[in-house]
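Chemist: sequence unavailable; structure follows:
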């Protein structure tokens, strides 16, 4: 009569809460990709000639490229001609002027997701630029930000209203030649967020975007561009959830950050795309290029990411430390459960003198999840006195998951100091039993232990985001005991 | 349930990896009593403590454990804890990144919820925990460190008794709580334990040495050898063991002979 042992596996398997499809009439192009499709997207968005030329150049370049296969992820071959490259909710055609004009069905979706725009903007003081299937449906706090000269709008709007800024900075951090998915994104991106903080301005609130994928078989190609002018500061939050899907969906976003002299950009992500079901069917392919350019001296870019969703996560938010004394940071929690795969990490490219970078990566693998940290620390000849500290910790839950670490270090300057620490541990049955003996449920105990493991990263997140991230980890691990 | 024992263990067989550890163990504990379980290393003392708390690495292959007349073994560890079964660990684990105060509050509120009491908010909880910490001569700083991380041996054991004081269990099992303590720390820990003695509460002290029993005087002493209790007596038995060691009892535990000795 031995006691049935609650299994960690059960605790970690918990249904996706945000699984529902909204019935909004979609305005979509036919499947497939060609020059005509690129022209159509550009025309639909009424873009100036330089944008169309740029898109076409990207498309032509993309056609010469082949899909990379070096990541430790596995998936069936993607048919790029079977994807719909543009869809916008019909109600978005004329462009809502205020929230009152927004399709109430869309607003209900956000409510279900716990993103009540109105309350959130008022209570939390967060300006939300919500992206629903490629077209922005609500931008708030614009007026208030406008007084400070801050531009925060959808990418499409920026193309219309501030073409000179878009033209100067678009593709300057991630050129369309950078990689296969960046080229694809450059050709077909439908919308995204744009942010410009003028010289010497400290953005008084956290800026935030919620992403959603909705229409069936719709590829999602977001483009985010954030520019912090000299001495400016901004903290930007990106969060996303997606409805349940049977077919895998490709998400290939590009995020570019530009920090000029003494500017500071803090970019935080909580990623919760649909991860697929317990058998590994469905889920989002999240193949994203994120890069920040510390272009000016004494500039600072910090990436913090909490990755719990997607069937496959493949991304490396990176920093180019060009300016002297510039600082790059990367703080990451990546959780894989069931059949999820993650190959994520960062690149820190030290070019300027006395540049500093810090990498803290926490990988959690559960179920049959596979988690790889892949990082490059590159110190160029010019980077006198450069320093890097890297710490990569892996936590395993159960015995069918995997953790992998691929740290690459290239040092071409003898004055550089590079430190790397790594650890792998298993969530202890001892720890679990200790907590349960104190009256905590197994679920709460696992959640508490995992949160403790991630503490160093969570403390980098803005307060309310940190709370959200902790809840999300709890949710992602739920259902695994008893 | 008047008159029924709080804890009744009958003919308990426990194995780990097919190796028998407890073999037909019997023990009855009533409310208000303090029982000491003594015995040589490997006799199964810690196994008994952990099985009562619900540790899953052990397999119960026979026998029966009743707690307040109910089948204790049928419920998972957290339910036993909420029902008032507390184990002070011999080796309290470290939980990096989780502050001690967070775990303590989560534990207290889990038990309170179970009892249908209102959960304590941060302020009320802090007031409560500080009053109990004074009793254990612990510094405030230990609240904000990660659970047991970097705690000295003495600090860990005090932290265990602090948890017992906060959770107010009905049945407290203390597994080698005296090991690794210097004489001052032993005194503090013993005072903490004695302060919790009450007619409603029973305690089982698992210990190798008589040392702790000089401070916490038991009502009954049992000697465990090769998986069963081979001798029971009052507190004098502990002194006798101190003088004579365990050797003279080992023969009674030999297979075959033992089954007659206890029945």
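Modeler: Thanks, I have it. Computed from a prediction, not measured in an experiment: that's the story for all the values here.
Chemist: use CA for all of it now, contacts and neighbours both
Modeler: OK.
Chemist: show the model's pLDDT score for residue 8.
Modeler: Looking at chain A here, since you left the chain open. You'll see residue A:8 listed with a pLDDT of 44.
Chemist: can you look at chain B instead?
Modeler: Reading off the model, residue B:8 has pLDDT 96.
Chemist: and the next element down the chain from the host helix or strand of it?
Modeler: Assigned by DSSP states H and E, residue B:8 belongs to strand B:7-16. Helices and strands here follow DSSP H and E; after strand B:7-16, the next one along the chain is strand B:19-29.
Chemist: by contact count, what packs against the strand holding residue B:8?
Modeler: strand B:19-29, strand B:59-67 (3 or more Cα pairs under 8 Å, 6 or more residues apart in numbering or on different chains; DSSP states H and E).
Chemist: out of these, which comes closest to residue B:218?
Modeler: With Cα to Cα, the closest approach to residue B:218 among the helices and strands packed on strand B:7-16 belongs to strand B:19-29: 12.1 Å.
Chemist: could you give the average pLDDT over that closest one?
Modeler: Averaged over strand B:19-29, pLDDT sits at 95.
Chemist: about what we covered before: export the helices and strands packed on strand B:7-16 to a markdown table and tack on distance to chain A and mean neighbour count?
Modeler: Shown next, in a markdown table, are the helices and strands packed on strand B:7-16 (distance: least, Cα to the nearest Cα, whole Å; neighbours: other Cα atoms under 10 Å in any protein chain shown):
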| stretch | distance to chain A | mean neighbour count |
| --- | --- | --- |
| strand B:19-29 | 14 | 19 |
| strand B:59-67 | 5 | 19 |
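Chemist: now residue B:192: how far from residue A:361?
Modeler: Per Cα to Cα, to the nearest Å, residue B:192 is found 42 Å from residue A:361.
Chemist: for those two, indicate the residue with more neighbours.
Modeler: Ranked by neighbour count (other Cα atoms under 10 Å in any protein chain shown), residue B:192 and residue A:361 place residue A:361 first, with 28 against 22.
Chemist: run through the bridge partners of the more buried one.
Modeler: Note on residue A:361: beta-bridge partners by DSSP bridges are residue A:332, residue A:392.
Chemist: re earlier: contacts for the strand holding residue B:8?
Modeler: The contact list for strand B:7-16 (Cα atoms under 8 Å, 6 or more residues apart in numbering or on different chains) reads B:20-30, B:57-69.
Chemist: stretch A:158-166 spans what distance, first to last residue?
Modeler: First-to-last distance for stretch A:158-166 - Cα to Cα - comes to 7 Å.
Chemist: what bits of the chain have low per-residue confidence?
Modeler: Reading this off chain A. Residues of chain A meeting the criterion pLDDT under 70: A:1-28, A:88-142, A:209-219, A:240-248, A:464, A:474-482.
Chemist: my bad, the chain I had in mind was chain B
Modeler: Applying pLDDT under 70 to chain B flags the ranges B:1-3, B:251-263.
Chemist: where exactly do the helices run in the chain?
Modeler: With no chain named, the answer covers chain A. Along chain A, the stretches classed as helices by DSSP state H are A:8-12, A:35-44, A:49-63, A:104-112, A:117-124, A:142-147, A:155-161, A:163-169, A:180-188, A:429-437, A:442-453, A:455-458, A:463-477.
Chemist: actually chain B
Modeler: Counting by DSSP H, the helices of chain B are B:45-53, B:77-82, B:100-114, B:122-135, B:141-144, B:153-167, B:183-195, B:236-244, B:247-250, B:257-262.
Chemist: list the contacts of the residue in the stretch 201-350 of chain A positioned nearest to chain B.
Modeler: In the stretch 201-350 of chain A, the residue that lies nearest chain B is residue A:333 (14.1 Å; Cα to the nearest Cα). Listed by Cα under 8 Å, 6+ apart, the contact partners of residue A:333 are A:305-307, A:361-364, A:454, A:457.
Chemist: among the residues you listed, who's most crowded?
Modeler: For these, the largest number of neighbours (other Cα under 10 Å) sits with residue A:364, at 30 neighbours.
Chemist: for residue A:316, see how far away that one is.
Modeler: In this view, residue A:364 and residue A:316 are 17 Å apart by Cα to Cα.
Chemist: please apply the same query to residue A:269.
Modeler: In terms of Cα to Cα, residue A:269 sits 13 Å off from residue A:316.
Chemist: and the closest residue to residue B:89 other than its chain neighbours, how many neighbours?
Modeler: Nearest non-adjacent residue to residue B:89, counting by Cα to Cα, 6 or more residues apart in numbering or on different chains: residue B:175, 5.6 Å away. Neighbour count of residue B:175, defined by other Cα under 10 Å: 24.
Chemist: for the one 4 residues further on, same thing?
Modeler: When counting by other Cα under 10 Å, one arrives at 18 neighbours for residue B:179.
Chemist: for the one 5 residues further on, same thing?
Modeler: Residue B:184: 10 surrounding residues under other Cα under 10 Å.
Chemist: likewise for residue A:181?
Modeler: Using other Cα under 10 Å as the criterion, residue A:181 is surrounded by 24 other residues.
Chemist: my guess is it contacts residue A:288, does it?
Modeler: Yes: between residue A:181 and residue A:288 there is a contact under Cα atoms under 8 Å: 7.5 Å.
Chemist: ok, which residues in the stretch 51-200 of chain B are in contact with chain A?
Modeler: Within the stretch 51-200 of chain B, the positions near chain A by Cα under 8 Å from any Cα of the partner chain are B:53-56, B:58-62, B:73-82, B:86-87, B:92-98, B:103, B:106-108, B:110-111.
Chemist: show the buried residues in these.
Modeler: Among those, the ones that count as buried by 16 or more other Cα atoms under 10 Å in any protein chain shown are B:53-56, B:58-62, B:73-74, B:76-82, B:86-87, B:92-98, B:103, B:106-108, B:110-111.
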